[in-house]
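Participant: Okay, predicted coordinates and the sequence, questions at the end:
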Amino acid sequence: MGAKASRWLLLALTGAAMAVAAIALVTGGGDRDVTAAGAELWVDGGHPRCSDAQERGDPGAPFCSLQRAAARAVPGDTVHIAPGRYRGTVRPARGGAPGAPIRFVADAPGVVLDAAGAPNAVKLVGTGDVHLVGVRVTGGLNQGVWVERADRVRLEGVTVSGNAGTGVQIKSGAGTHVVASELSGNGRAGLLELAAARGTKVTDSVITGNGRDGAPYNGDGIQLGGVGAQVTGSVISDNGDSPYEHGIYTGAGSAGWRVYDNVLTGNAGANIKAAGVGEITGNRLTDGRYGLVLSDNPGRVLVRQNLIGGRAQHLVFLTSGATAARGALLQNTIVQSGRSTSSGDASALFVLAADDLELRNNLVAYTGANAAGVSLWINDPARVGRLVSDTNWWAANDGRSRHLGYGGARVSLADWRRRTGQDARSFTSWSPGVDADLRVTSRNWGAGRGENLGLLADVMGLPRATSGPVDVGAHGGLRVGA
């Protein structure tokens, strides 16, 4: 089993809190918070000798309130926090410095920063280089953590939950990093990045159960609006309670983002709705109203080597808002086992509108016994601009082998080629059998029939052939001894 397969299995078998702990064990602390040494301050609201009438609390006579410690801390300091519930808003008087952050560290489990109905539990305005480690953040009316004009903020091993508004909101600043943390059960988005943010990262975290407030919008697991964000190694599930709330939503003005090696499942709208321009690689998407939606793309979104499966209206849906979708779908496995709605077409890959679309080396199948969909459906050719498609495996269960749809009707591959001028080397079949990892278990008609796109490894991390043809779909690495 490859490293990625092991990680996916681990995340799938654990709950949210267990997954965060398990990720820390798997990574071995490789992305730990290592900083320059400074002074140590101590906070313990339950200590009999605690006092805020001092300059620098120590273990024998700590500060009573976290706010007092936040007012005294200077770059390089570490504030140790004893278990307990600390009410109000924590707003440091100053930020740290690169290599010398101010660190607020839970000394043991049970440290709760409770806004108690204030707008935020943690407010960082102009105070960058602040790290929160091991605490729980809750009770914020508007946000759990607010970041504005603050660079290099780090949340490590933090749980942000039970805030009426957003879990973490980044108005501006560069390099906010959420690592090995849990954002769950917040009324609005788990993480909201606005347009002035740069280089936000979410790594090895669990984002679940956010946006369940009954409102139709802004309840995404992660909402990205800035430039250069990365989301990787995370589990993003069960966010939103309307078709307009998604696991990850990238806004039309977002750019340069990467979403890779995540597990996304059961989010209310799409597991990923991708506007703007970025890259979606190596993810596992399961169920949801939609698996992946592309829309409002000023340039092409690269969708490469993902596993997209389960029941949905469409596992991949290309549409338009202010502008139409633009995308390159390369070497993906897309297997729709049925539809999530009671009526309507349920084709696995449905193109309503696309200005620029490239399709290569994809296995796309509708396996539902009810034959409610086909593999690929282009609804109105007049709404599709540039189309380049070849070396794909199109599979469905149409009784007349019409496994594609074009212009409102099901068509055979021969008819498709005649109408589009594409897919000269592609092929069709009835739907193959697949296992839980969407690996083909019946005869693999796609073996050795894909164009070599120069990918070094398959979706499970197994090496691909460096020359000659490759298998169609996300799988197809060379096993040991092959």
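Facilitator: Cool, the structure landed.
Participant: Check what pLDDT the residue nearest to residue 363 when sequence neighbours are not counted gets.
Facilitator: Leaving aside its sequence neighbours, residue 363 sits nearest to residue 473 (C-beta to C-beta, 6 or more residues apart in numbering; 3.6 Å). (C-beta placed from N, C-alpha, C; glycine too.) At residue 473, the model reports a pLDDT of 98.
Participant: I figured residue 473 was touching residue 360, is that so?
Facilitator: No: counting by C-beta atoms under 8 Å, no contact exists between residue 473 and residue 360, whose distance comes to 11.3 Å.
Participant: before we move on, the earlier item: my guess is the residue nearest to residue 363 is in a helix, correct?
Facilitator: No: looking at residue 473 with DSSP: H, G, I helix; E, B strand; the rest coil, it is coil, so not inside a helix.
Participant: Would you mind listing the residues in contact with it?
Facilitator: When contacts are counted by C-beta atoms under 8 Å, 6 or more residues apart in numbering, residue 473 touches 331-333, 361-363, 393, 438, 440, 446, 450.
Participant: ok, which pair from those residues is furthest apart?
Facilitator: Set against one another by C-beta to C-beta, these have their most distant pair in 438 and 450, with a gap of 15.7 Å.
Participant: and stretch 141-157, how far from the chain's centre?
Facilitator: In this view, stretch 141-157 has its centroid 18 Å away from the chain centroid, taken as C-alpha atoms, centre = their mean, to the nearest Å.
Participant: Show the end-to-end separation of that stretch, please.
Facilitator: Criterion C-alpha to C-alpha, to the nearest Å; first-to-last residue distance in stretch 141-157 is 22 Å.
Participant: what's the answer for stretch 357-376, then?
Facilitator: From the first residue to the last, stretch 357-376 extends over 13 Å; the measure is C-alpha to C-alpha.
Participant: So which residues of the stretch 1-150 of the chain form strands?
Facilitator: Counting by DSSP state E, counting those that start in this stretch, one finds strands in the stretch 1-150 of the chain at the ranges 40-43, 78-81, 84-87, 102-106, 111-114, 120-125, 130-133, 136-138, 143-148.
Participant: Can you tell me which of the ones you listed is most buried?
Facilitator: Ranked by mean neighbour count under mean count of other C-beta atoms under 10 Å, the strands of the stretch 1-150 of the chain are led by strand 143-148, which reaches a mean of 26.
Participant: Each with direction, which strands does it pair with?
Facilitator: Under the criterion DSSP bridges, strand 143-148 sits next to strand 120-125 (parallel), strand 166-174 (parallel) in its sheet.
Participant: Make a markdown table out of these and add mean pLDDT and distance to residue 397.
Facilitator: Formatted as a markdown table, these follow (pLDDT from 0 to 100; distance: least, C-beta to C-beta, whole Å):
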| stretch | mean pLDDT | distance to residue 397 |
| --- | --- | --- |
| strand 120-125 | 98 | 52 |
| strand 166-174 | 98 | 42 |
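Participant: okay if I get those strands as TSV plus distance to residue 82?
Facilitator: Converted to TSV, the strands paired with strand 143-148 look like this (distance: least, C-beta to C-beta, whole Å):
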stretch	distance to residue 82
strand 120-125	18
strand 166-174	24
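Participant: Out of those strands, which gets nearest to residue 254?
Facilitator: With C-beta to C-beta as the measure, strand 166-174 is the member of the strands paired with strand 143-148 nearest residue 254 (12.6 Å).
Participant: Spit out the residues that contact residue 473 and residue 360 alike.
Facilitator: When contacts are counted by C-beta under 8 Å, 6+ apart, residue 473 and residue 360 are jointly contacted by 331, 450.
Participant: got any ranges where the stretch 301-450 of the chain has weak pLDDT?
Facilitator: Within the stretch 301-450 of the chain, the set of residues satisfying pLDDT under 70 comprises 370.
Participant: If you drop the residues flanking it in sequence, what lies closest to residue 171?
Facilitator: Taking C-beta to C-beta, 6+ apart, and ignoring the residues beside it in sequence, residue 171 has residue 148 as its nearest neighbour in space, at 4.3 Å.
Participant: To clarify, my last question referred to residue 151.
Facilitator: Counting by C-beta to C-beta, 6+ apart, the residue nearest residue 151 is residue 128, at 3.9 Å.
Participant: Report the contact partners of that neighbour.
Facilitator: Residue 128 makes contact with 95-96, 149-153, 173, according to C-beta under 8 Å, 6+ apart.
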